[in-house]
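Asker: Please find the sequence and the predicted model below.
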Amino acid sequence: MKTLTITRPDDWHLHVRNGAVLQTVLPHTARQFARAIIMPNLKPPVTTVAQALTYREEILQAVPAGLDFTPLMTLYLTGSTTADEIKKAAESEHIHAFKLYPAGATTNSDSGVADIKAIYPLLAAMEQYDIPLLIHGEVTDDACDIFDRERVFIDTYLTDITNNFPGLRIVVEHVTTAEAVQFVQDTGNNIAATITPQHLLFNRNAILAGGIRPHHYCLPIIKRESHRLALVAAATSGNPKFFLGTDSAPHLTSLKETACGCAGCYSAHAALELYAEAFERADALDKLEGFASFYGADFYRLPRNSGTVTLKKTTWKVPSAYGENGLSITPLKANEELGWKLQ
Ligand code: NCD
Ligand code: ZN
């Protein structure tokens, strides 16, 4: 029986929501990961240290007994964030980053930043207080084709941000294109990127060929095969600039399977198994531990985890949905077989 044992991993990009959805999804992540960077795009968004600490308590309450899991909180950057709040966040042991959503780019991003140049003084404060900036890197221009929005964001905004704030640590979240991979490779060690399982496993045919599959729809949208190959090469390269961030983003099944469905793939139920499948296909299982367990912690300047997790080469069928009392969340690869199972 083939097994793979690695140091306990972390998820550096995760949506857990709140209320009943939080109760449903958090146990999946706490089983798999020691820590996770928690996205702040709630309704209303988590914009202050005080709100993040309250949200942190709610998350801790949802951790099943016997599991130890640490939520690493982030704040949602808006046009009215103050330099004082940035200082407070940097001083808090529980706040680890700010998240920049261009207004309108994705789920719950209406309160995001409409004019990126106008918040440069806030980026200067983040650079000064040395707190990382996490970027959803897509332009929101209606005239820009949805498959081009990440590439255009790099040329329009990201290059200028990195030139203006050479000391700012930036994570380009959920990179989906060869151009983003190239950008991250070519910039300084203060620039890193997360990569999701769905962008390693699928190309855009998985959304649109042979029928429309709403559970493969997320933002940034999955691109063509050449981009998937570039992402797999980056993730399995051993380059510490690329690390694990699932972007697991639960939405109710009814809000995905509808005329105008929400963006987001739910992957927390089998995150490591999905990454193991992608790394195995690339004949690079030996590179999974660095990607999943070391490079993110190093970038965030947190200690690497102790302890290990073991994946076993065995097949199991993903349920059609998770949730109780009428709540239903359809996971990635619902009703399909996976080849690895976390022990
Ligand atoms: C995320 C969500 O649902 O919160 N959706 C997604 O498609 N990834 C938001 C995000 O990270 O863009
Ligand atoms: Zn996300």
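Answerer: The structure has been received and is ready for your questions. Numbering: from 1, shown residues only. Ligands and ions are numbered 1, 2, ... in the order given.

Asker: isn't Val98 right next to Ile131, touching?
Answerer: That one is not Val; residue 98 is Phe. Yes: in this structure, Phe98 is within contact of Ile131 by Cβ atoms under 8 Å, at 6.5 Å. Where you see a C-beta, it was placed from the backbone N, CA and C, and this is true even at glycine.

Asker: who's more crowded, the two?
Answerer: Neighbours were tallied for Phe98 and for Ile131 using other Cβ atoms under 10 Å; the higher tally belongs to Phe98 (26 against 22).

Asker: Shouldn't the more buried one be within a strand?
Answerer: Yes: applying DSSP: H, G, I helix; E, B strand; the rest coil, one finds Phe98 inside a strand.

Asker: Phi and psi next, for the nearest residue to it once chain neighbours are set aside.
Answerer: Excluding its sequence neighbours, the residue lying closest to Phe98 (Cβ to Cβ, 6 or more residues apart in numbering) is Leu77, at 4.7 Å. Main-chain dihedrals, Leu77, degrees, to the nearest 10: phi -80, psi 130.

Asker: Excluding sequence neighbours, find me the nearest residue to Arg281.
Answerer: Leaving aside its sequence neighbours, Arg281 sits nearest to Val232 (Cβ to Cβ, 6+ apart; 7.9 Å).

Asker: which SSE is that neighbour in?
Answerer: helix 225-235 (DSSP states H and E).

Asker: which ones are touching the residue lying closest to Lys88 once chain neighbours are set aside?
Answerer: Spatial nearest neighbour of Lys88, excluding adjacent residues (Cβ to Cβ, 6+ apart): Val49 at 4.9 Å. Taking Cβ atoms under 8 Å, 6 or more residues apart in numbering, we find Val49 in contact with Leu75, Glu85, Lys88, Ala89, Ser92, Ile95.

Asker: Could you confirm the first one falls within a strand?
Answerer: Yes: counting by three-state DSSP, Leu75 is located in a strand.

Asker: What is the burial count for it?
Answerer: Residues contacting Leu75 under the criterion other Cβ under 10 Å number 25.

Asker: If I follow the layout properly, the residue nearest to Phe98 ends up in contact with Ile119?
Answerer: Yes: using Cβ under 8 Å, Leu77 is in contact with Ile119, at 6.9 Å.

Asker: on that earlier part again, from the contacts of Val49, which land in helices?
Answerer: Using DSSP state H, the members of the contacts of Val49 that fall in helices are Glu85, Lys88, Ala89.

Asker: pLDDT on stretch 279-298, on average?
Answerer: Averaging pLDDT along stretch 279-298 yields 98.

Asker: Now do the buried residues in the longest strand anywhere in the chain.
Answerer: Scanning the chain for the longest strand, with DSSP state E as the assignment, gives strand 308-317. Neighbour counts using 16 or more other Cβ atoms under 10 Å place Val309, Leu311, Lys312 of strand 308-317 among the buried residues.

Asker: Enumerate the residues of the chain near ligand 1.
Answerer: Contact residues, the chain versus ligand 1 (Cβ under 6 Å from any ligand atom): His15, Asn41, Thr106, Thr107, Asn108, His136, Cys218, Leu219, Asp247, Ala249, Ala263, Gly264.

Asker: Any chance of CSV for the residues you listed, columns secondary structure?
Answerer: Shown next, in CSV, are the residues of the chain next to ligand 1 (three-state DSSP):
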residue, secondary structure
His15, coil
Asn41, coil
Thr106, coil
Thr107, coil
Asn108, coil
His136, coil
Cys218, coil
Leu219, coil
Asp247, coil
Ala249, coil
Ala263, coil
Gly264, coil
